[in-house]
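Engineer: everything below, folded, please.
(one chain, ligands or ions: 2)
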Amino acid sequence: MSRVVFSMGSNLGDREAALRSAIEAVAPEAVSDVYETPPWGGDDEQPAYYNIAVIADDPARTARDWLALGQRLEAESGRVRDPARPYGPRTLDVDLIAVWDADGPVRSDDPELRLPHPLAHLRAFVLVPWFAIDRDAELPGKGRVRDLLRDETVAADARALRRLHQIWSEHGDAREP
Ligand SMILES: Nc1ncnc2c1ncn2[C@@H]1O[C@H](COP(=O)(O)OP(=O)(O)OP(=O)(O)O)[C@@H](O)[C@H]1O
Ligand SMILES: Nc1nc2c(c(=O)[nH]1)N=C(CO)CN2
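Structural biologist: Residues are numbered from 1 along each chain as shown. Ligands and ions are numbered 1, 2, ... in the order given. Below you'll find the model as predicted:
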């Protein structure tokens, strides 16, 4: 088995369409509503993001496969990287937050794939959508998402998020906003 939690974000172009294409490509088990979130990380001169959390399960895929899929989706969205702005605007960002295989949580220090994602516990735009689709969510090594959301800074950031609308339904009838 291989279960993955993705954080997906977009703040350039048609944000909704970029997220929809990515959702379709991963054949998810659960997808959060869309949240509008202020840019996190200090590069504030850019549009608000649309962020979602996505859970997918595919016994045939390894963590590396999920990474490759995410990177392909980013490229297909037309993402252009600006080395001068590591946290600059992007058409699509697909981050692997955590992956579990048959042996439990996958751990990796490889810069190409760090797991669990080393900054996830600090990011309300990751934790709030994830908690919304899994009340028992746990970030390996950091604890329950429910508890991580109680951190003062994370909680303050969480108050600045705006839940917008549903983007996917398990019955296959993803709704227009
Ligand atoms: N858990 C992970 N999920 C996605 N990419 C990762 C992960 N760990 C390492 N990477 C690597 O990070 C590199 C930079 O990715 P990207 O520019 O999208 O980072 P970012 O999303 O802007 O920043 P952050 O890693 O802080 O979320 C990629 O080349 C990828 O190989
Ligand atoms: N609100 C928000 N801020 C970000 C995001 C993101 O998806 N949403 N992604 C980043 C790099 O992964 C950096 N900052």
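
Engineer: going forward, measure contacts and count neighbours with C-alpha atoms only.
Structural biologist: Will do.

Engineer: up against ligand 1, what does this protein have?
Structural biologist: Residues of the chain lying near ligand 1 by C-alpha under 6 Å from any ligand atom: Pro86, Tyr87, Asp93, Asp95, Leu96, Ile97, Pro111, Glu112, Leu113, Arg114, Leu115, His117.

Engineer: pLDDT check: weakest of the residues you listed?
Structural biologist: Among the residues of the chain next to ligand 1, Pro86 carries the lowest pLDDT, at 86.

Engineer: follow-up on the earlier one: looking at the residues of the chain next to ligand 1, which is nearest Glu45?
Structural biologist: Distance to Glu45 across the residues of the chain next to ligand 1 (C-alpha to C-alpha) is lowest for Tyr87, with 10.5 Å.

Engineer: not counting its neighbours along the chain, what's nearest the closest one?
Structural biologist: Asp43 (6.2 Å; C-alpha to C-alpha, 6 or more residues apart in numbering).

Engineer: count of neighbours near that neighbour?
Structural biologist: Using other C-alpha atoms under 10 Å, Asp43 has 12 neighbouring residues.

Engineer: hang on, isn't it packed against Ala84?
Structural biologist: No - judged on C-alpha atoms under 8 Å, Asp43 makes no contact with Ala84 at a distance of 10.9 Å.

Engineer: list the buried residues of stretch 80-100.
Structural biologist: Of the residues in stretch 80-100, 87-100 count as buried by neighbour count, 16 or more other C-alpha atoms under 10 Å.

Engineer: ok, and what's touching that stretch?
Structural biologist: Residues from elsewhere that reach stretch 80-100, judged by C-alpha atoms under 8 Å, 6 or more residues apart in numbering: 1-15, 18-19, 41-43, 46-47, 63, 66-67, 70-71, 73-74, 77-79, 105-106, 115-117, 120, 139-140.

Engineer: which SSE is immediately downstream of the longest helix anywhere in the chain?
Structural biologist: Using DSSP state H, we find that the single longest helix of the chain is helix 63-76. Sequence-wise, the next helix or strand downstream of helix 63-76 (DSSP states H and E) is strand 93-101.

Engineer: sheet-wise, list the partners of that following strand with their directions.
Structural biologist: strand 2-10 (antiparallel), strand 104-105 (antiparallel) (DSSP bridges).

Engineer: any low-confidence regions in this protein?
Structural biologist: 1, 173-177 (pLDDT under 70).

Engineer: can you pull the phi/psi pair for the residue lying closest to Glu74 once chain neighbours are set aside?
Structural biologist: Nearest residue to Glu74 in three dimensions, chain neighbours excluded: Leu92, at 5.3 Å (C-alpha to C-alpha, 6+ apart). Main-chain dihedrals, Leu92, degrees, to the nearest 10: phi -160, psi 130.
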